[in-house]
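Asker: The sequence and its predicted three-dimensional model are supplied below.
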Amino acid sequence: MKLHKAFQIGVFLKGGHAALELVGGVGLAFVSAGTITNLIVSLVQEELKEDPHDLIANYLFTFAQQFSVKTQTFAAFYLLSHGVVKLILVAELLREKLWAYPASLVVLGVFIAYQAYRFTLTHSIGLIALSMFDLLVIILIWHEYRLVRRHLARE
């Protein structure tokens, strides 16, 4: 029963993450790259005046300078597509649709593989954390899938 509750929590968290991806994707789709660049620069400008060696502020400043329409388009597409796919899978998992369990395992596995690839390029700790969470959710989905299949076989 505790694993079922953990499964539900994990799926709800994935749904929340998917909703944030959709909001971010829509925001990126409708806000100009120049506006995003100016916003980031204005946010870090004061910090860089106080501490020119601030790691995070320098990272954000460099990111803003390299932010292009091409980057923005890719990020918007990436966030929107992932958000839509995950929300559909979350809804179907919560409705206990049998097809959604293996589909979710495959989709999350592909996301982990892509995140691992992106990690080799960016070395982002966030990607590791997200991949570890995805792996935990995969384990919970697999466990729940086995229980649901067993339950259906008994009926």
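Answerer: Alright, I've got the coordinates.
Asker: Find the residue at the geometric middle of this protein.
Answerer: Nearest to the mean C-alpha position of the chain, by C-alpha atoms, centre = their mean, lies residue 17 at 5.9 Å.
Asker: The nearest residue to that residue once chain neighbours are set aside: neighbouring residues, count only.
Answerer: Leaving aside its chain neighbours, residue 17 sits nearest to residue 86 (7.0 Å; criterion: C-beta to C-beta, 6 or more residues apart in numbering). From N, CA and C alone the C-beta is placed, and that goes for glycine too. When neighbours are defined as other C-beta atoms under 10 Å, residue 86 has 23 of them.
Asker: Which residues are in contact with residue 86?
Answerer: Counting by C-beta atoms under 8 Å, 6 or more residues apart in numbering, residue 86 makes contact with 14-15, 17-18, 21, 107.
Asker: pLDDT at residue 1, what is it?
Answerer: Looking at residue 1, its pLDDT stands at 69.
Asker: Tell me the helix or strand right after the host helix or strand of residue 86.
Answerer: Counting by DSSP states H and E, the element that carries residue 86 is helix 69-94. Once the chain leaves helix 69-94, the next helix or strand it forms, by DSSP H and E, is helix 100-122.
Asker: Run the chain-centre distance for that next one.
Answerer: Relative to the centre of its chain, helix 100-122 is centred 10 Å away, using C-alpha atoms, centre = their mean, to the nearest Å.
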